[in-house]
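>>> Coordinates for the following, if possible.
(chains A and B)
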Number of protein chains: 2
Amino acid sequence: MQKIAVIDGLQYANWSETIFRQMRDGDVAAVHVTICYHENFRETVTNIAAWNRRFEQFRDLIFPLHSAVDVEKAMKEKRTAIVFGCQNCSPIENDIDLVHMCRQLGIRFMQLSYNNQSLLASGCYEAEDTGITRMGRQVIREMNRVGMAVDMSHSGEKSTLQAIDLSQRPIAITHANPAKWHSVPRNKSDTVLKALAESGGMLGVSLYPHHLKNGSACSLSSFCRMIAETVELMGIDHIGFGSDLCQDQPDSVVAWMRNGSWTRDVDHGEGAPGSEGFPEQPGWFRDNRHFRAILGGLEQAGFSREELEKIAHGNWLRFFVDSFDARES
Amino acid sequence: MQKIAVIDGLQYANWSETIFRQMRDGDVAAVHVTICYHENFRETVTNIAAWNRRFEQFRDLIFPLHSAVDVEKAMKEKRTAIVFGCQNCSPIENDIDLVHMCRQLGIRFMQLSYNNQSLLASGCYEAEDTGITRMGRQVIREMNRVGMAVDMSHSGEKSTLQAIDLSQRPIAITHANPAKWHSVPRNKSDTVLKALAESGGMLGVSLYPHHLKNGSACSLSSFCRMIAETVELMGIDHIGFGSDLCQDQPDSVVAWMRNGSWTRDVDHGEGAPGSEGFPEQPGWFRDNRHFRAILGGLEQAGFSREELEKIAHGNWLRFFVDSFDARES
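So this is what the prediction gives:
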């Protein structure tokens, strides 16, 4: 099939020239990259500084995205635009003014919680979900004002529905799948997915094995059928990729993602005792060059060229346009 | 009446030699002083450093409490033992190992939340109360281990009941009154007070006007009747003072206590537009010398010498013995 540019709604790789070259080979125009899980503001700054060095070193391959127009620039220049996002609200600590600071440093997505309760919202692993907190309501308004997208991928159901309702701009679930297809705490109910679509939001479908039916053994055709069914539920304009690709990361990283510094016990998260490490990717999606295989699978499943372009990049591009400009409050 | 030593379960004054001398005049043997509301670990260290300078400068009047035996030392040496406590869990940030660090720096009380949702528990001003979070359960266990008392003064009802249940040691509500006497979000239900007493915990009755029936116009006899009724509910062994005295603080401080840096709106907390400042203390309790007047009022209300000693210091002293030693986990 003809080449189609891709925007990926989430990756957290052990970044390297190899990966950036694979992005170019896979026609990946933009990637939302995770720059923090548990880090506070200062630690997040250090992570951004590491990206600044990568932008310097690999300027022929990558550059930082500031606004949605940078996606077209990336397509034209055959480079990949890098979009910063946080998987947790830890970088703003307990200071609402740090939202604007983070926006100034390039952060364009922020999850309101990561598995656990945060100052803003409940996480999908908490026994109870209060919904959006007093500070959370303030922060959503501030994110709307400065142009930072709300991401509820790891949040609880009630918090997610309230965030959709409270946010003046569409929100995203950058990396998750429908719970109807594979029922785990991280995947989302039809109620959430419908509310997300009706509010103009975006779902990035995940390729992380714990979110896939049959895990690492999930077939490409099952994955493509899931997308077709989700399009029936949400419409063609609200779905993109959010691969959650954690390429080349050592297993110590997934342990840190789950445990941070919040517990003295060991939390296995989506894993289990004896299989704590990163799960193995399905053979048909191991790196950025493999988006093309998925698009091929979707074509076989009956999607038109126009529909493939929406899923591959058009929908995320519209979301970027809607989300990243600052507004006067 | 004969002199009776006093332990006060909470103060947050604009500390000065005047206040430390009033403590001596009032036979105040120990005071739990607030060293943080919203501060992170590093900022809390700065506040402790300021106390280190006070201990140096006013060594004839005050010294830091390390364990319960320091109360007897204070009584003997006619000085006041200063007990550090945090009104929020912000000093431990998202790092459970900072609990032990804070204990090493002298902190003996920590509230799990302050009005709002925290990483550990819900606050009494949130619309919904999750109870104790995943991290909260870990932190309570760690506080139990290192010898730091759980304080739920500003937490929600469900969180408080769960903390009582989860904690292996008795917990405290260092400064609040029964909601039955004066119904505001900060005062506590009979359900909470009974569970607190049954678990060996402590209530410090508050003299902050927003917690008093009729506010600044509350009479001493009404306050003493409230104590008598609370003793009927909780028993004589679970009540002490927790004055919440904010002596000599400018009104900017109460605005900061309420708003920290979590909101861009103005939160009036227990105040109201037009009366945002600190409320005026009742004439019968303006500083540390006035505990004697309250003890006189309680004597008139029929309390025996032995009962007065329990309320004035004996109950808090037992709680300190139960709470502040480290245990091997």
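>>> which other residues reach the longest helix along chain A?
Counting by DSSP state H, the longest helix found in chain A is helix A:41-57. With contact meaning Cβ atoms under 8 Å, 6 or more residues apart in numbering or on different chains, helix A:41-57 is reached by A:15, A:33, A:35-36, A:39, A:62-64, A:82, A:84, A:86, A:90-93, A:95, A:98, A:101-102, A:105-107. (Glycine included, C-beta is placed from N, CA and C.)
>>> can we see that at 7 Å?
Contact with helix A:41-57 is made by A:15, A:35-36, A:39, A:62-64, A:82, A:84, A:86, A:91, A:93, A:98, A:105-106, as judged by Cβ atoms under 7 Å, 6 or more residues apart in numbering or on different chains.
>>> Next: stretch A:170-189.
Contacts for stretch A:170-189 (Cβ under 7 Å, 6+ apart): A:9-10, A:32, A:109, A:124-125, A:149-154, A:157, A:163-164, A:190, A:193, A:196, A:199-206, A:210-213, A:226, A:230, A:242, A:244, A:270, A:319, A:322.
>>> Filter the contacts of helix A:41-57 down to the ones in helices?
Within the contacts of helix A:41-57, residues falling in helices by DSSP H are residue A:98.
>>> which of the contacts of helix A:41-57 count as buried?
A:15, A:35-36, A:39, A:62-64, A:82, A:84, A:86, A:91, A:93, A:98, A:105-106 (16 or more other Cβ atoms under 10 Å in any protein chain shown).
>>> Which members of the contacts of stretch A:170-189 are positioned in helices?
A:157, A:163-164, A:190, A:193, A:196, A:226, A:230, A:319, A:322.
>>> Redo these as JSON lines? Include distance to residue B:180, neighbour count and pLDDT.
Formatted as JSON lines, the ones in helices among the contacts of stretch A:170-189 follow (distance: Cβ to Cβ, whole Å; neighbours: other Cβ atoms under 10 Å in any protein chain shown; pLDDT from 0 to 100):
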{"residue": "A:157", "distance to residue B:180": "36", "neighbour count": "18", "pLDDT": "98"}
{"residue": "A:163", "distance to residue B:180": "37", "neighbour count": "28", "pLDDT": "98"}
{"residue": "A:164", "distance to residue B:180": "40", "neighbour count": "21", "pLDDT": "98"}
{"residue": "A:190", "distance to residue B:180": "46", "neighbour count": "13", "pLDDT": "98"}
{"residue": "A:193", "distance to residue B:180": "47", "neighbour count": "24", "pLDDT": "98"}
{"residue": "A:196", "distance to residue B:180": "45", "neighbour count": "24", "pLDDT": "98"}
{"residue": "A:226", "distance to residue B:180": "56", "neighbour count": "19", "pLDDT": "98"}
{"residue": "A:230", "distance to residue B:180": "53", "neighbour count": "22", "pLDDT": "98"}
{"residue": "A:319", "distance to residue B:180": "52", "neighbour count": "26", "pLDDT": "98"}
{"residue": "A:322", "distance to residue B:180": "51", "neighbour count": "16", "pLDDT": "96"}
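>>> What helix or strand is the residue lying closest to residue A:78 once chain neighbours are set aside located in?
Sequence neighbours aside, residue A:24 is the residue nearest to residue A:78 in space, at 6.5 Å (criterion: Cβ to Cβ, 6 or more residues apart in numbering or on different chains). Assigned by DSSP states H and E, residue A:24 falls within helix A:17-25.
>>> before we move on, what about residue A:144?
Going by DSSP H and E, residue A:144 is in helix A:134-146.
>>> Only alpha carbons, please: show that helix as CSV.
The C-alpha trace of helix A:134-146 is given here as CSV (Å, rounded to 0.1, in the frame of the first residue of the first chain):
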residue,chain,number,x,y,z
ARG,A,134,-10.9,20.4,44.4
MET,A,135,-7.4,21.0,43.0
GLY,A,136,-8.2,18.9,40.0
ARG,A,137,-11.0,21.2,38.9
GLN,A,138,-8.7,24.2,39.2
VAL,A,139,-5.9,22.4,37.2
ILE,A,140,-8.2,21.3,34.4
ARG,A,141,-9.3,24.9,33.9
GLU,A,142,-5.6,26.0,33.9
MET,A,143,-4.6,23.3,31.4
ASN,A,144,-7.5,24.4,29.2
ARG,A,145,-6.2,28.0,29.4
VAL,A,146,-2.6,27.4,28.7
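>>> Can that helix be said to contact chain B?
Yes - judged by Cβ under 7 Å from any Cβ of the partner chain, helix A:134-146 and chain B are in contact via A:134-135, A:138, A:142.
>>> pLDDT at the closest residue to residue A:261 other than its chain neighbours, what is it?
For residue A:261, ignoring the flanking residues on the chain, the nearest one in space by Cβ to Cβ, 6+ apart is residue B:95 at 4.1 Å. At residue B:95, the model reports a pLDDT of 97.
>>> now swap in residue A:276 and tell me
Residue A:276 is given a pLDDT of 86.
>>> wait, isn't it in contact with residue A:268?
Yes - counting by Cβ atoms under 7 Å, residue A:276 does reach residue A:268; the two are 5.9 Å apart.
>>> Which positions in the stretch 151-300 of chain A make contact with chain B?
Listed as neighbours of chain B in the stretch 151-300 of chain A under the rule Cβ under 7 Å from any Cβ: A:260-265.
>>> ok, and of the contacts of helix A:41-57, which contact chain B?
Restricting those to those near chain B by Cβ under 7 Å from any Cβ leaves residue A:93.
>>> and which of the contacts of helix A:41-57 is nearest to chain B?
Among the contacts of helix A:41-57, residue A:93 lies closest to chain B (Cβ to the nearest Cβ), at 6.6 Å.
>>> you'd agree that closest one is up against residue A:40?
Yes - assessed by Cβ under 7 Å, residue A:93 is found in contact with residue A:40 at 5.7 Å.
>>> what ranges do the helices span in the stretch 201-329 of chain A?
A:220-234, A:251-259, A:291-300, A:305-309, A:315-323 (DSSP state H, counting those that start in this stretch).
>>> Which of the helices and strands in chain A ranks last by mean pLDDT?
Taking mean pLDDT, DSSP states H and E as the measure, the helix or strand of chain A with the lowest value is helix A:251-259, at a mean of 93.
>>> List the buried residues for it?
Residues of helix A:251-259 classed as buried by neighbour count (16+ other Cβ under 10 Å): A:253-255, A:257-259.
>>> was I right about residue A:167 contacting residue A:151?
No - look at residue A:167 against residue A:151 with Cβ under 7 Å: they stay out of range, at 10.9 Å.
>>> what's the angle between the longest strand seen in chain A and helix A:291-300?
When chain A is parsed with DSSP state E, its longest strand is strand A:28-36. Angle of strand A:28-36 versus helix A:291-300, following axes from the mean of the first three to the mean of the last three Cα atoms, to 10 degrees, is 120 degrees.
>>> who touches strand A:28-36?
A:5-12, A:23, A:44, A:47-48, A:51, A:65, A:71, A:74-75, A:80-88, A:90-91, A:109, A:174, A:288, A:291, A:313.
>>> Keeping just the C-alphas, turn that strand into PDB.
Output in PDB follows, covering the C-alpha atoms of strand A:28-36 (Å, rounded to 0.1, in the frame of the first residue of the first chain):
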ATOM      1  CA  VAL A  28       6.100   8.400  11.900                       C
ATOM      2  CA  ALA A  29       5.500  12.200  11.700                       C
ATOM      3  CA  ALA A  30       4.900  12.800  15.400                       C
ATOM      4  CA  VAL A  31       5.100  10.800  18.600                       C
ATOM      5  CA  HIS A  32       3.800  11.800  22.100                       C
ATOM      6  CA  VAL A  33       6.700  10.700  24.300                       C
ATOM      7  CA  THR A  34       6.500  10.200  28.000                       C
ATOM      8  CA  ILE A  35       8.900  12.400  29.900                       C
ATOM      9  CA  CYS A  36       7.800  11.500  33.500                       C
END
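>>> So for it, mean pLDDT?
98.
>>> what angle do that strand and helix A:41-57 make?
150 degrees.
>>> in its sheet, what does strand A:28-36 sit against?
Strand A:28-36 has the following strand partners under DSSP bridges: strand A:6-11 (parallel), strand A:80-86 (parallel).
>>> Mind putting those into a markdown table with mean pLDDT and distance to residue B:237?
Output for the strands paired with strand A:28-36, formatted as a markdown table (pLDDT from 0 to 100; distance: least, Cβ to Cβ, whole Å):
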| stretch | mean pLDDT | distance to residue B:237 |
| --- | --- | --- |
| strand A:6-11 | 98 | 56 |
| strand A:80-86 | 98 | 49 |
